[in-house]
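Engineer: below is the structure, and that's it, no one-letter string:
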């Protein structure tokens, strides 16, 4: 398994080594209820469905070309998938696991988010330098919000008040007032910002920057400025391979997890002190992350090795590698 390959990666951390050595023998927590994990495979034009109890792929759903980000509808009945080369959002019925409809999204949709209060999907249209707002019930375009060059990541606050769009070429985080449907603040962050994630209390937004290999933390209560930055230094790993992409935050305010791309590591950060606590070795070119419902497990997509790593959160160790399709991009766990 790619998870066990360490050639050229440098030293393995104590937590990673325990997970890698015992992964095939690890007894997973019995308290984890059955759940479904969905993984978008960018090169296969499919979504893999993993059973949370057996940790095996149980279904493969055919979707449009180049699937990337995924979100659930507000009522939890559908899974929305951005299919970039088809310039649309495929909508999967979660009972039948079939694509039941598609909605035009604008050029090159990459990341999508759902409004918690309205039947709206926010879409980053990389080639158009806009964020499109779609009504998925009426199947109409609500509006288009201009942002910087090459919008990539999107993050929405828990109350639906703010939307952040990151732009790769502008190196900015654009803070959008959702009521006004307008970008009202623009903040410089590190080179090639990829992802935006709000803390569960909505007070901060964490923005990852791929080329800079860092995370910028924005104050979302008062100034909307960058209040802190976190940089990563993985022992024995070339700095240029440490590329910050996906971010997830535990709801209890304890941990932040950041995918570090071709370094094949996930950084573990104390949410309160911003201290980097550890690096967990996973598959090759880790891209995005998702926590399960009780936050006992973290799932990562590893694009080059074509698998998903399962991390036990309490022990901060990798316990299993699950083969999926080619170039897995996004991962999401059914609520």
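Structural biologist: Noted; the coordinates are in hand. Note that the coordinates shown come from a computational prediction; the quantities given were computed from them, not determined experimentally. Numbering: from 1, shown residues only.
Engineer: could you find the closest non-adjacent residue to residue 51?
Structural biologist: Closest residue in space to residue 51, ignoring its immediate chain neighbours: residue 58 at 4.7 Å, by CB to CB, 6 or more residues apart in numbering. For the C-beta atoms, the positions are set from N, CA and C on the backbone; glycine is no exception.
Engineer: surely that neighbour forms part of a strand?
Structural biologist: Yes. Note on residue 58: a strand contains this position according to DSSP: H, G, I helix; E, B strand; the rest coil.
Engineer: any stretches of the chain with poor pLDDT?
Structural biologist: 1-33 (pLDDT under 70).
Engineer: all helices in it, in order from the N-terminus.
Structural biologist: Per DSSP state H, the chain carries helices over the ranges 14-22.
Engineer: now do the residue nearest to residue 51 against residue 37, distance only.
Structural biologist: According to CB to CB, to the nearest Å, residue 58 and residue 37 sit 10 Å apart.
Engineer: now swap in residue 181 and tell me
Structural biologist: 33 Å.
Engineer: any shared contact partners between residue 58 and residue 37?
Structural biologist: 49-50 (CB atoms under 8 Å, 6 or more residues apart in numbering).
Engineer: which of the two has more neighbours?
Structural biologist: residue 37 (23 against 12; other CB atoms under 10 Å).
Engineer: the closest residue to the more buried one other than its chain neighbours: neighbouring residues, count only.
Structural biologist: Excluding the flanking residues, the one nearest residue 37 by CB to CB, 6+ apart is residue 50, at 4.1 Å. Residue 50 has 23 neighbours, counted by other CB under 10 Å.
Engineer: who touches the nearest residue to residue 53 once chain neighbours are set aside in this structure?
Structural biologist: Leaving aside its chain neighbours, residue 53 sits nearest to residue 34 (4.7 Å; criterion: CB to CB, 6+ apart). Residues near residue 34 by CB under 8 Å, 6+ apart: 51-53.
Engineer: list just the nearest of these to residue 136.
Structural biologist: Here the nearest of the contacts of residue 34 to residue 136, counting by CB to CB, is residue 52; it sits at 26.3 Å.
Engineer: any chance of the contacts of residue 34 in CSV, plus neighbour count?
Structural biologist: CSV is the format used below for the contacts of residue 34 (neighbours: other CB atoms under 10 Å):
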residue, neighbour count
51, 14
52, 19
53, 13
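Engineer: in strands only, show me those residues.
Structural biologist: residue 51 (DSSP state E).
Engineer: dump the contacts of residue 34 to CSV, plus distance to residue 102.
Structural biologist: Below are the contacts of residue 34 laid out as CSV (distance: CB to CB, whole Å):
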residue, distance to residue 102
51, 27
52, 28
53, 31
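Engineer: picking that back up, and the gap between the residue nearest to residue 53 and residue 80?
Structural biologist: As for residue 34, its distance to residue 80 is 23 Å (criterion: CB to CB).
Engineer: likewise residue 117?
Structural biologist: As judged by CB to CB, residue 117 and residue 80 stand 17 Å apart.
Engineer: which stretches in the stretch 1-150 of the chain count as strands?
Structural biologist: Counting by DSSP state E, counting those that start in this stretch, the stretch 1-150 of the chain has strands at residues 36-41, 46-51, 56-62, 67-72, 78-83, 88-93, 98-104, 109-114, 120-125, 130-135, 140-146.
Engineer: the residue nearest to residue 51: what's it in contact with?
Structural biologist: Each residue near residue 58 by CB under 8 Å, 6+ apart is listed here: 49-51.
Engineer: which one of the residues you listed is nearest to residue 75?
Structural biologist: Distance to residue 75 across the contacts of residue 58 (CB to CB) is lowest for residue 49, with 19.5 Å.
Engineer: check the offset of stretch 238-245 from the chain's centre.
Structural biologist: Centre-to-centre, stretch 238-245 and its host chain are 17 Å apart (CA atoms, centre = their mean, to the nearest Å).
Engineer: hmm, back to that, now the strands of the stretch 1-150 of the chain as CSV including distance to residue 212?
Structural biologist: Converted to CSV, the strands of the stretch 1-150 of the chain look like this (distance: least, CB to CB, whole Å):
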stretch, distance to residue 212
strand 36-41, 26
strand 46-51, 31
strand 56-62, 35
strand 67-72, 22
strand 78-83, 25
strand 88-93, 30
strand 98-104, 34
strand 109-114, 19
strand 120-125, 19
strand 130-135, 22
strand 140-146, 24
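Engineer: closest one to residue 292 among those?
Structural biologist: Residue 292 sits nearest to strand 36-41 of all these, at 7.6 Å, using CB to CB.
Engineer: wait, residue 299 touches residue 309, no?
Structural biologist: Yes. Here residue 299 reaches residue 309: they are 7.3 Å apart, a contact under CB atoms under 8 Å.
Engineer: between these two, which one's more packed in?
Structural biologist: Taking neighbours as other CB under 10 Å, residue 299 and residue 309 compare with residue 309 leading, 28 against 25.
Engineer: the spatially closest residue to that one that is not a sequence neighbour: neighbour count?
Structural biologist: Nearest residue to residue 309, sequence neighbours excluded (CB to CB, 6+ apart): residue 282, at 4.0 Å. By other CB under 10 Å, 31 other residues sit near residue 282.
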